[in-house]
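J.: Sharing a model prediction with you, sequence too.
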Amino acid sequence: MTIDRRNILSAGLAAGATATAVAGIAAVGVRTAEARSYGSAGDIGLVSGSRIDQAPVLQAALDAATDRGAPLHLPPGHFRIGSLRLRSGARLIGADGLTKLEHAGAGPFITAEDADSIAIEGIAFDGAYAALGDADGLIAIARSSAVRLNRLRITRSPGNGIALFACGGSVTDCTIENAMQAAVRSLDATGLEISHNDIADCGNNGIQIWRSEAGEDGSIVVGNRIVRIRADGGGTGQNGNGVNAFRAGAVLVSGNRITDCAFSAVRGNASNNIQIIGNSCSRLGEVAIYSEFGFEGALIANNFVDNAATGITVTNFNEGGRLAVIQGNVVRNLFRREHEPVDKRGHGITAEADCAMTGNVIERAPTAGIVIGWGAYMREVVATSNLVRDSRVGILVSVDPSAGACLIASNMISGAKLGAIRAMDGEGEPVGADLVRGGDGNKRISVSGNVAV
């Protein structure tokens, strides 16, 4: 074939037409995929911006999708709904950051019971502080396994943000703000992960891991950011915490950033074998990291505490609280609560029974850097290779005749204003001579190899 200008033009036009056709097919394919993913509000029967309760329409669409074994993809928009119930296998997926469901009020919002393998993803839920009836969270799920709550934004709940009872699964990458109770409350979990969530401005707790009766729980609380937790419900520690474990055994709390809580960053009450590892905690109103009451086993390691009434406490031997390792923590800038009539605190680390305390650094504790025992409640505490700087007293130790044994060795204490190592009376005040160069004749207390500068 002779190649001339006309043939070249014809070939170019044909190629252009082919390219246009391919592009058109691709565009149709994209639009089809988008329609399959989200459709439009009209396709589902929803009307964005309407003040009418659209729960019946949404419930019908969700049930139909669940019957087919398919997810229901919600389009962008702002929709008011009343109560929506998920059955087993239900999957409700929004356009991230663009799909918002607002509670129409007077009753439960999002609920599920005995509903395994459910998923809610990419949706913003606004509770509008409307009454939830007998539900205790904007999202309330009971007796369900393989629950997946991911990339949700939850705000303005008059109760909990998410309430789980006897559930397993995960709550991940969610933002939960302005819940009047807890951001996430779990009771009697059956294998739960709560990770990489942003939690702020809640009334009583950030994350609650509770059990009806003491037992193994095994929940994992990892990599969350928790800020500004109040204690609106009052009490002496059941409220006002970033993470609160109660009667829940084998809970792991690790790698969280927790600040500005009325009481504790992490508080374990009667929680056996709790691990509190590698958390960053600042500006706490009471004890930053607490293992208390009838527990056996606590590992508290590699945490950073800055600005609290006490850094770390392992206590209540009188209630059976015992057996702990406190290792490699940095605790600094403690303060005394002078407004409290008795419990002013100002301690770095305190421990009572069956505890090894080693390799910690404590700086600026206005009462004492380390406190060992309380009256008769001390047994087999080891405090070695710790550094205590710029504190009123370096180490206080109970010398009550009924107290048990204690080893204080190879610690360095710098700038202690009222002594490096002192005996402690029943009120927590130092008595007697500095023990830094030896004991006071009490054979149950061994003091050796410590350096005071």
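T.: Perfect, thanks for sending it.
J.: who's in contact with the residue nearest to A262 when sequence neighbours are not counted?
T.: Computed as CB to CB, 6 or more residues apart in numbering, the closest residue to A262 that is not its neighbour in sequence is G240, at 3.3 Å. (Each C-beta comes from the backbone N, C-alpha and C, glycine too.) When contacts are counted by CB atoms under 8 Å, 6 or more residues apart in numbering, G240 touches 204-205, 229-231, 261-264, 285-286.
J.: Repeat that for L74.
T.: Per CB under 8 Å, 6+ apart, neighbours of L74: 38, 44, 46, 92-95, 99, 123.
J.: cutoff 6 Å now
T.: With contact taken as CB atoms under 6 Å, 6 or more residues apart in numbering, L74 is in contact with 94, 99.
J.: And V436, by the same measure?
T.: Contacts for V436 (CB under 6 Å, 6+ apart) come out as 420-421, 450, 452.
J.: Now with 8 Å, please.
T.: Neighbours of V436 in contact, by CB under 8 Å, 6+ apart: 394, 413, 419-421, 447, 450, 452.
J.: mind listing what's buried in stretch 349-362?
T.: Of the residues in stretch 349-362, 349-357, 360-362 count as buried by neighbour count, 16 or more other CB atoms under 10 Å.
J.: Alpha carbons only: can I get that stretch in PDB?
T.: Only the C-alpha atoms of stretch 349-362 are listed here, as PDB (Å, rounded to 0.1, in the frame of the first residue of the first chain):
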ATOM      1  CA  ILE A 349       6.500   4.800  92.300                       C
ATOM      2  CA  THR A 350       4.800   2.900  95.200                       C
ATOM      3  CA  ALA A 351       4.600  -0.900  95.800                       C
ATOM      4  CA  GLU A 352       3.600  -3.200  98.600                       C
ATOM      5  CA  ALA A 353       3.900  -6.900  98.000                       C
ATOM      6  CA  ASP A 354       5.900  -9.500  96.000                       C
ATOM      7  CA  CYS A 355       7.200  -6.900  93.700                       C
ATOM      8  CA  ALA A 356      10.500  -6.300  91.700                       C
ATOM      9  CA  MET A 357      11.200  -2.700  91.000                       C
ATOM     10  CA  THR A 358      14.200  -2.100  88.800                       C
ATOM     11  CA  GLY A 359      15.700   0.200  86.300                       C
ATOM     12  CA  ASN A 360      13.300   3.000  86.700                       C
ATOM     13  CA  VAL A 361      14.100   6.700  86.500                       C
ATOM     14  CA  ILE A 362      12.100   9.100  88.800                       C
END
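J.: still on that earlier bit, list the ones among the contacts of V436 that fall in helices.
T.: Residues of the contacts of V436 located in helices (DSSP state H): none.
J.: Just the buried ones from the residues you listed?
T.: Neighbour counting over the contacts of V436 (16+ other CB under 10 Å) leaves 394, 413, 419-421, 447, 450, 452 as the buried ones.
J.: can you list these in a markdown table and add pLDDT and distance to V382?
T.: Below are those laid out as a markdown table (pLDDT from 0 to 100; distance: CB to CB, whole Å):
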| residue | pLDDT | distance to V382 |
| --- | --- | --- |
| G394 | 98 | 16 |
| I413 | 98 | 16 |
| G419 | 96 | 21 |
| A420 | 98 | 18 |
| I421 | 97 | 14 |
| V447 | 95 | 12 |
| N450 | 97 | 13 |
| A452 | 97 | 19 |
